[in-house]
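*Asks:* starting from these lines, generate the structure:
(one chain, ligands or ions: 2)
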Amino acid sequence: MFKTIKAIGTDAVANPLTTFRIKRRGLQDDDVEMDILYCGICYSDLHQLKNDFGAAHYPMVPGHEIVGRVIAVGRAVTQFQPGDYAAVGCIVDACGECPACRRDLEQFCESGTTLSFNSPDKHLGGMTYGGFAQTYVCREKYTLKMPAALDLASAAPLLCAGITVYSPLKHWQVGAGKVVGILGIGGLGHVAIKMAKAMGAHVVVFTTSEAKVADATRLGAHQAVLSTDPQQMKKFASKVDLILDTVSAKHDVNAYLNLLKIDGSVVLVGLPPEPIEIGAFNLVKGRRSFSGSNIGGIAETQEMLEFCAEHGITADIELISAIQVNDAFSRLEQGDVKYRFVLDMSTLQ
Ligand code: NAP
Ligand code: ZN
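*Replies:* Ligands and ions are numbered 1, 2, ... in the order given. Below you'll find the model as predicted:
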C-alpha cells in the first residue's frame, strides 16, 4: 500500500531540481501522516545533491527540517491526532534496542539510523524521500510535537540546525562563566549564537564575512571576530572554552585550536568533504581536544524544541516558494542567505 504524491527533487547529480511524483507508504499502525507545511534547506541537502560524500542515490528528494499538520494516524498511535502540528527531523527510524538507542542516541544506532532522505527505505525498498514534498509518513516514536509558542515556518530549521548545535552545547556543559566560540554564521551558526546566549555563556563569533560582524551582535553574540584578520584572532589566543565549528568547506582548524584555554575543545559539526589536518602541538599543548557531534536523539530534539519555545528562539529565515528552490541552492552555495531558506510547501501545487 502506498500513496503517490508530488515532490521536488533531482534525478542526477548535475541536474536542477524539478517537480515529480513519488510514493509514500500507506499508514502502518504506529505511523503518523502529515501534510508538510514548511521544510528548511540545510547545507547537508546541498552536500547530498552534489554527492559530496559519494553516498547519493537518485532520484533524490531532499529535506529534513519538516513541519506539518497531522492528517491521519495509525491505530496504535496515542500521542498525535489529526489537526496537531508535528515535525520530523533527520531521524525517522532506528533499531530501538542497541546500546546507542537505549541511551536515546538514535543518531548512532548500531544497525544504522534511517534518515528522512537518501537512506534505505525499510517499507517501500529503494531510498527514503525527504520533506520537499506534499506529505510525510513517520513512526510516532520518531515524530516530534511542535510547541504552540513557536512560529512554524521559522521553527522548521530547528529540526536539524537547532538540534545539531543544541546537543553539543549541552554535552559540553555550556553555561554561565563559559566562553563559547561559534565558527561560521550560517544556518547552524546563527541558531547556535542564540542558544549559547540563552544558556548563559559569553558568545564570541568567528566569521569570514565582514558584513556579518555587525549582524553577529544583533543575533546575540557578545563579540564578533573577523577570522581573516590575524590581529583580531590573536586577541583570543587561549581565551575560549569551547568552539563549535559549523563550517561546511575546507578550512584550517589549527587556527581555532590555538584559541582554546587548557582542556578546551573544538567540536566539529560542519561536514567539509575533505580530510582535516591537525598539527600535533596544537592539541598536546593545553591538553586540548578536537571532537565531533552529529545531530541529536529524538528525546533531546523534543527537549530542544521546548527550550526554544521557552527562550523565544527560532531561525532567521527567508521563506521561498517551490519555483525558487534552484535559486535558493545556488545562493546557499555562495553563502548568500540570512540565515536559512525555508520552503513554503503550500506553493507546491
Ligand atoms: P551554511 O548556512 O552555509 O553555513 C556555513 C557557514 O560556514 C557559512 O555561512 C560561512 O560562515 C562559513 N563558511 C562557509 N564556507 C567557508 C569556508 N570555505 N571557509 C570558512 N568558513 C566558511 O551551512 P549550514 O546549513 O549551517 O551547515 C553547515 C555545515 O554543517 C554543513 O557542512 C552541513 O552539512 C553540516 N551539518 C552537520 C550536521 C551534523 O549533524 N553534524 C547537521 C547539519 C548540518 P561565515 O560567512 O560566517 O564565515
Ligand atoms: Zn541538516
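*Asks:* mind naming the longest strand for this protein?
*Replies:* In the chain, taking DSSP state E as the definition, the longest strand is strand 31-41.
*Asks:* helices or strands up against that strand?
*Replies:* Here strand 31-41 touches strand 66-73, strand 85-88, strand 135-139, helix 152-155, helix 325-333, strand 340-344, going by 3 or more C-beta pairs under 8 Å, 6 or more residues apart in numbering; DSSP states H and E. Glycine gets a C-beta too; all of them are placed from N, C-alpha and C.
*Asks:* hmm, 6 Å instead?
*Replies:* With contacts taken as 3 or more C-beta pairs under 6 Å, 6 or more residues apart in numbering; DSSP states H and E, strand 31-41 sits against strand 66-73, strand 135-139, helix 152-155, strand 340-344.
*Asks:* near ligand 1, anything from whichever helix or strand comes after the shortest one?
*Replies:* Note on helix 152-155: by DSSP states H and E, the next helix or strand toward the C-terminus is helix 161-171. Yes: contact of helix 161-171 with ligand 1 is found when judged by C-beta under 6 Å from any ligand atom, involving 161, 164.
*Asks:* and helix 161-171 with strand 340-344, angle?
*Replies:* Put simply, helix 161-171 runs at 140 degrees to strand 340-344, going by axes from the mean of the first three to the mean of the last three C-alpha atoms, to 10 degrees.
*Asks:* next SSE after helix 161-171?
*Replies:* Later in the chain than helix 161-171, the nearest helix or strand by DSSP H and E is strand 179-183.
*Asks:* now the stretch 1-150 of the chain against ligand 1: closest residue?
*Replies:* Of the residues in the stretch 1-150 of the chain, the one nearest ligand 1 is Y43, at a distance of 3.3 Å by C-beta to the nearest ligand atom.
*Asks:* okay, now the closest residue to that residue other than its chain neighbours: neighbour count?
*Replies:* When the adjacent residues along the chain are set aside, Y43 lies closest to S248, with 4.7 Å between them (C-beta to C-beta, 6 or more residues apart in numbering). Using other C-beta atoms under 10 Å, S248 has 22 other residues around it.
*Asks:* tell me which element S248 falls in.
*Replies:* Assessed by DSSP H and E, S248 sits outside every helix and strand.
*Asks:* just checking, it touches V269?
*Replies:* No: judged on C-beta atoms under 6 Å, S248 makes no contact with V269 at a distance of 10.0 Å.
*Asks:* quick one, what contacts A72?
*Replies:* By C-beta atoms under 6 Å, 6 or more residues apart in numbering, the contact set of A72 is 27, 33.
*Asks:* so it bridges to which residues?
*Replies:* With beta bridges defined as DSSP bridges, A72 has these partners: E33.
*Asks:* interface residues of the protein facing ligand 1?
*Replies:* Proximity of the chain to ligand 1 is confined to 42-44, 47, 160-161, 164, 184-189, 207-209, 212, 246-249, 251, 269-271, 294-295, 332, 335 under the rule C-beta under 6 Å from any ligand atom.
*Asks:* quick check: ChimeraX command selecting the buried ones in the residues you listed.
*Replies:* Selecting only the buried members of these in ChimeraX, with burial defined as 16 or more other C-beta atoms under 10 Å, works like this:
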select :42,43,44,47,160,161,164,184,185,186,187,188,189,207,212,246,247,248,251,269,270,271,295,332
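*Asks:* ok, and which of the residues of the chain next to ligand 1 reach ligand 2?
*Replies:* Checking those against ligand 2 by C-beta under 5 Å from the ion, the ones in range are 42, 44, 160.
*Asks:* domains in this protein, by residue range?
*Replies:* For the chain, the domain assignment from automatic domain parsing gives the residue ranges 2-159+315-348, 161-292.
*Asks:* let me know the pLDDT of the residue in the stretch 1-150 of the chain positioned nearest to ligand 2.
*Replies:* With C-beta to the ion as the measure, C42 is the residue of the stretch 1-150 of the chain nearest to ligand 2, at 3.0 Å. We have a pLDDT of 98 for C42.
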